[in-house]
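Asker: structure for the following, please:
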Amino acid sequence: MELSLLMRLRIAAAVITGVVLIGILAWPLAASSEPLSAVRASDISTGGAITLLILAFLTGLIAYFVSWPHGREIGILAVPSGLAIWAVRSGSMATLMQLHPAAEQRQALFAAFKWDSIFWLVIVAAGFIGVLLGQKIISSPKSPAKQAKSNSKPTQYLSAIIALVGSAFIAQFCIRMLAQDVAVLDSKLGAIMAQPSVGQIVFAVLVSFGVAAFVVKKFLDVGYIWPAISTVLVTAFAVISYAKLDVLQYFVRQWPAAFFTNSVISILPVQIVAFGTLGSIAGYWMALRYNYWRKHEMK
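Answerer: Numbering: from 1, shown residues only. This next block holds a predicted model:
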């Protein structure tokens, strides 16, 4: 089940489509006049958000055709790959903390991040819709309908809920383990973490959601959609758990802006959604490859 050269070229074409259209050409929509400012959905104008939605849809549509006949499986990589460029070019959470020194300012900032995550996920979904439209344009009406699964609707819903919550839990746990920087003991809060580097964030989020998607595919037989959606839950849970006003007030008094109660809270929503989606897709396909290996290679 090794990837052929042609398949690798299709994947590269889809990724390049997203990098060029979203990551490079659409960068002015998110870029700030401050060179080290972080990418935030709230800084994008209404017109810019609509433009980005349309562009994400077109990116998914184009990626479907450049990676055809496997556009349904590969084209979905385009938009999160483009957002990943923004996530790497962005300033850090520590920079935002420096620009918002008061505890109340930081609390409002973290509260807005829950909506930021939803916005970035909607952008990814727009690209996915573009891929589905491409599939609808090309697909043959003669293809037989897929046989319905034997599982009942309640069972499917239960599996989806477990996959969603389980993915968020697994991803958050792994991110805390992998996104490591300087740790310092605090008498009140225990271990606190310095801002991880961009490379650590990329690695931690990709691997964490890859593990989550692998696990839910292996044990629940669900797709990468649920781990990808759980990126929103990871940010929301981190904000609710670690961005309480009394904790932020203590931090303002005791620690520099580069330190956080938890490494998850030090990662921007655009970084969570972009790399989390890519990791979810990769983990899903790794699970399929593992199942294939168990079935054919171990006989």
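
Asker: show me where the stretch 151-299 of the chain has helices.
Answerer: 153-178, 198-220, 225-242, 245-254, 269-296 (DSSP state H, counting those that start in this stretch).

Asker: can you list those helices in a markdown table and add distance to residue 131, mean neighbour count and mean pLDDT?
Answerer: C-beta here means a position set from N, CA and C on the backbone, and glycine is covered the same way. As requested, the helices of the stretch 151-299 of the chain are exported to a markdown table (distance: least, CB to CB, whole Å; neighbours: other CB atoms under 10 Å; pLDDT from 0 to 100):
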| stretch | distance to residue 131 | mean neighbour count | mean pLDDT |
| --- | --- | --- | --- |
| helix 153-178 | 21 | 18 | 93 |
| helix 198-220 | 18 | 22 | 96 |
| helix 225-242 | 13 | 23 | 93 |
| helix 245-254 | 40 | 15 | 89 |
| helix 269-296 | 12 | 22 | 91 |
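
Asker: with residue 78 as the reference, name the closest of the ones you listed.
Answerer: helix 269-296 (10.7 Å; CB to CB).

Asker: quick one: contacts for residue 278?
Answerer: Residues near residue 278 by CB atoms under 8 Å, 6 or more residues apart in numbering: 77, 80, 81, 84, 206, 209.

Asker: tally of neighbours for the second one?
Answerer: As a burial measure, the neighbour count of residue 80 was computed by other CB atoms under 10 Å and equals 30.

Asker: who are the contact partners of it?
Answerer: Contacts for residue 80 were tallied using CB under 8 Å, 6+ apart; they are 18, 124, 127, 273, 274, 275, 277, 278, 281.

Asker: hmm, try it at 7 Å
Answerer: The neighbourhood of residue 80, defined by CB atoms under 7 Å, 6 or more residues apart in numbering, consists of 124, 274, 277, 278.

Asker: need the nearest residue in space to residue 243, chain neighbours excluded.
Answerer: Leaving aside its sequence neighbours, residue 243 sits nearest to residue 110 (CB to CB, 6 or more residues apart in numbering; 3.8 Å).

Asker: in which helix or strand does the one you found reside?
Answerer: Assigned by DSSP states H and E, residue 110 falls within helix 103-138.

Asker: just the closest of the contacts of residue 80 to residue 172, please.
Answerer: Ranked by distance to residue 172 (CB to CB), those are led by residue 277 at 15.8 Å.

Asker: and the closest one, what is it in contact with?
Answerer: Residue 277 sits next to 80, 124, 228, 231 when contact means CB under 7 Å, 6+ apart.

Asker: which residues does stretch 153-167 contact?
Answerer: 212, 213, 216, 220, 222, 226, 227, 229, 230, 233.

Asker: thought the second one was touching residue 223?
Answerer: No: no contact is recorded between residue 213 and residue 223 when judged using CB atoms under 7 Å, the distance being 8.5 Å.

Asker: picking up where we left off before, distance to residue 187 added to the helices of the stretch 151-299 of the chain, as a markdown table?
Answerer: Formatted as a markdown table, the helices of the stretch 151-299 of the chain follow (distance: least, CB to CB, whole Å):
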| stretch | distance to residue 187 |
| --- | --- |
| helix 153-178 | 21 |
| helix 198-220 | 26 |
| helix 225-242 | 18 |
| helix 245-254 | 9 |
| helix 269-296 | 30 |
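
Asker: closest to residue 40 out of the ones you listed?
Answerer: helix 269-296 (7.8 Å).

Asker: rewinding a little: and for residue 213 and residue 223, which residues touch both?
Answerer: Contact with both residue 213 and residue 223 is made by residues residue 284, according to CB under 7 Å, 6+ apart.

Asker: apart from its neighbours in sequence, what residue is nearest residue 239?
Answerer: Nearest non-adjacent residue to residue 239, counting by CB to CB, 6+ apart: residue 110, 4.7 Å away.

Asker: neighbours of the one you found, how many?
Answerer: When neighbours are counted by other CB under 10 Å, residue 110 registers 21.

Asker: surely it and residue 242 touch.
Answerer: No: using CB under 7 Å as the test, residue 110 is too far from residue 242 to be in contact (8.5 Å).

Asker: and the closest residue to residue 185 other than its chain neighbours, how many neighbours?
Answerer: Spatially, and ignoring its direct neighbours in sequence, residue 185 is nearest to residue 191 (5.8 Å; CB to CB, 6+ apart). Residues within reach of residue 191, counting by other CB under 10 Å, total 10.

Asker: where along the stretch 1-150 of the chain do the helices fall?
Answerer: 5-18, 46-66, 71-74, 78-89, 93-99, 103-138.
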